[in-house]
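Chemist: Sequence and predicted structure are below.
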Amino acid sequence: MNRMSTTSRNLGYMLTLLTAMTLFSCRGQEKSSATARVVAVKAMVVKASDREMTYTYTGSLEGEKQAILYSKLSESVDDVLVREGQQVAADQVLISLDKTGPSTGYSSARSVFLNAEKNYKKMESLFKEGAISESQFDGSRTEYEVSKANFDAVERLVDIRTPIAGVVTSVKVSAGDFVAAGQQLATVATTGHLRIKFGINPEDIGFVTKGATVRITSDVVPDTATGTVLSVATSADPTTRTFQVEALIDNVSGLFKPGMFVNVLITREKLAGVIAIPRAAVLTLDNQQLVYVVTNGVAHKRPITLGSDLDGTVVAGSGLAVGDTIVTLGQNYLDEGFKVNVTALN
């Protein structure tokens, strides 16, 4: 009986030992497999550069000089004589309303003017011949001048003119449309210089001052333009709680147009010789920011401290040196000691 117990115990010890050896062997193989794994990544060589910390706002451009034309009558549109983007001269007719419409009084005013003009010319000849008195002649001249002024005023109601030279930035109506008194018809603006108004947050008010340089960019314009802050409001808008800023933009290329929605960039601080890396390259593990640094084809975790955000990149305060190679894509598939294949290096 004792021999059988001893034999059973020995068999149990052997099974336990074999199981432990098998588990240890499997774990070793798993670790070896992980270490041998090669991950394809993209990387960049760390460099120092001069960067700017900027505030970004948004706003809509206007011409430095801008005229919005309205109808003063309720009448049909007879003709639209210009198109958007067309250069026009001051006092040029852009849109004509129906002169025969009942609200214009055009035909009546024209008839009175033509009769007065005809009579004035007749009286002028008679006065030169001495056939009428000076007071009679003055009366005909006054009648002519009054009728002409009245006709000119009526004509300006139906022939919509621009008071400034510039570019037609919008046309709101077409021939045949019926417009109401007070309805917007078109806009003309100068484009050499453009104005922009935008709101800034209270915490930014100390960094945005009169005379500061601004830059504008747009997704639809392959260019930037610069300008100067003209004014900063001294009190916040009660609705938006922002302070309004107005700037004048020098539109040298002419590519920016009134009505465009653009980004406004104002430099807060210039940083010299800093290391800026893509924000996406940074991982956070256990409340610690880190990147993977590649050395001899092997990825190693490198804790870093972060500074200012710079439009998609971030300043590395410490932990990196110029010349280090860091992983910028594929870092989520890495662990300490993984072998990597750098497929693209920037």
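Modeler: Sure thing, it's come through. Numbering: from 1, shown residues only.
Chemist: mind listing the strands for the stretch 51-200 of the chain?
Modeler: With strands called from DSSP state E, counting those that start in this stretch, the stretch 51-200 of the chain shows them at 66-70, 75-80, 87-88, 93-97, 159-161, 166-171, 178-179, 184-189, 193-200.
Chemist: how about JSON lines for these, with mean neighbour count, mean pLDDT and distance to Asp219 added?
Modeler: (Glycine included, C-beta is placed from N, CA and C.) Shown next, in JSON lines, are the strands of the stretch 51-200 of the chain (neighbours: other C-beta atoms under 10 Å; pLDDT from 0 to 100; distance: least, C-beta to C-beta, whole Å):
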{"stretch": "strand 66-70", "mean neighbour count": "16", "mean pLDDT": "95", "distance to Asp219": "23"}
{"stretch": "strand 75-80", "mean neighbour count": "18", "mean pLDDT": "95", "distance to Asp219": "30"}
{"stretch": "strand 87-88", "mean neighbour count": "16", "mean pLDDT": "94", "distance to Asp219": "26"}
{"stretch": "strand 93-97", "mean neighbour count": "21", "mean pLDDT": "97", "distance to Asp219": "30"}
{"stretch": "strand 159-161", "mean neighbour count": "20", "mean pLDDT": "95", "distance to Asp219": "34"}
{"stretch": "strand 166-171", "mean neighbour count": "20", "mean pLDDT": "93", "distance to Asp219": "19"}
{"stretch": "strand 178-179", "mean neighbour count": "16", "mean pLDDT": "96", "distance to Asp219": "34"}
{"stretch": "strand 184-189", "mean neighbour count": "22", "mean pLDDT": "96", "distance to Asp219": "21"}
{"stretch": "strand 193-200", "mean neighbour count": "20", "mean pLDDT": "95", "distance to Asp219": "16"}
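Chemist: Output these as JSON lines; include the columns distance to Val112.
Modeler: Shown next, in JSON lines, are the strands of the stretch 51-200 of the chain (distance: least, C-beta to C-beta, whole Å):
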{"stretch": "strand 66-70", "distance to Val112": "27"}
{"stretch": "strand 75-80", "distance to Val112": "20"}
{"stretch": "strand 87-88", "distance to Val112": "31"}
{"stretch": "strand 93-97", "distance to Val112": "20"}
{"stretch": "strand 159-161", "distance to Val112": "18"}
{"stretch": "strand 166-171", "distance to Val112": "33"}
{"stretch": "strand 178-179", "distance to Val112": "26"}
{"stretch": "strand 184-189", "distance to Val112": "27"}
{"stretch": "strand 193-200", "distance to Val112": "44"}
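Chemist: Show me the shaky parts of the stretch 151-300 of the chain.
Modeler: Within the stretch 151-300 of the chain, not a single segment meets pLDDT under 70.
Chemist: So what's the residue count around His92?
Modeler: No, residue 92 isn't His; it's Gln. Neighbour count for Gln92, taken as other C-beta atoms under 10 Å: 17.
Chemist: can you tell me how far it sits from Val46?
Modeler: The gap separating Gln92 from Val46 is 60 Å, by C-beta to C-beta, to the nearest Å.
Chemist: now Asn115
Modeler: Distance, Asn115 to Val46, using C-beta to C-beta: 88 Å.
Chemist: The two: which is more packed in?
Modeler: Neighbours per residue, other C-beta under 10 Å: of Asn115 and Val46, the larger number sits with Val46, 18 against 13.
Chemist: Enumerate every residue touching that one.
Modeler: Val46 is in contact with Ile275, Ile277, Ala316, Leu320, Ala321, Val322, Gly323, Asp324, Thr325, Ile326, counting by C-beta atoms under 8 Å, 6 or more residues apart in numbering.
Chemist: Next one, pLDDT for the closest residue to it other than its chain neighbours please.
Modeler: With sequence-adjacent residues excluded and distances taken as C-beta to C-beta, 6 or more residues apart in numbering, Val46 is closest to Asp324, at 4.4 Å. In this model, Asp324 is scored at 96, pLDDT.
Chemist: same deal with Lys31?
Modeler: In this model, Lys31 is scored at 46, pLDDT.
Chemist: Against Thr169, how distant is Asp250?
Modeler: In terms of C-beta to C-beta, Asp250 sits 18 Å off from Thr169.
Chemist: Go through stretch 294-307 and flag the buried ones.
Modeler: Using 16 or more other C-beta atoms under 10 Å as the test for burial, stretch 294-307 gives Val294, Ala299, Lys301, Arg302, Ile304, Gly307.
Chemist: nope, stretch 224-243 is what I was after
Modeler: Applying a neighbour-count criterion of 16+ other C-beta under 10 Å, the buried positions in stretch 224-243 are Ala225, Gly227, Val229, Val232, Ala236, Thr242, Phe243.
Chemist: before we move on, what about stretch 135-143?
Modeler: By neighbour count on 16+ other C-beta under 10 Å, the buried set for stretch 135-143 is Phe137, Ser140, Arg141, Glu143.
Chemist: Centre of the chain to stretch 171-185, how far?
Modeler: Relative to the centre of its chain, stretch 171-185 is centred 29 Å away, using C-alpha atoms, centre = their mean, to the nearest Å.
Chemist: CA atoms only: put that stretch into PDB for me.
Modeler: Only the C-alpha atoms of stretch 171-185 are listed here, as PDB (Å, rounded to 0.1, in the frame of the first residue of the first chain):
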ATOM      1  CA  VAL A 171     -25.200  90.300 -58.500                       C
ATOM      2  CA  LYS A 172     -28.400  89.300 -56.700                       C
ATOM      3  CA  VAL A 173     -31.000  89.600 -59.500                       C
ATOM      4  CA  SER A 174     -31.600  88.600 -63.100                       C
ATOM      5  CA  ALA A 175     -33.600  90.200 -65.900                       C
ATOM      6  CA  GLY A 176     -37.300  89.700 -65.400                       C
ATOM      7  CA  ASP A 177     -37.100  89.400 -61.600                       C
ATOM      8  CA  PHE A 178     -39.500  91.600 -59.600                       C
ATOM      9  CA  VAL A 179     -37.700  93.500 -56.900                       C
ATOM     10  CA  ALA A 180     -39.100  95.200 -53.800                       C
ATOM     11  CA  ALA A 181     -38.100  98.600 -52.600                       C
ATOM     12  CA  GLY A 182     -35.100  98.100 -50.300                       C
ATOM     13  CA  GLN A 183     -34.000  94.800 -51.900                       C
ATOM     14  CA  GLN A 184     -30.200  94.300 -52.400                       C
ATOM     15  CA  LEU A 185     -29.300  94.200 -56.100                       C
END
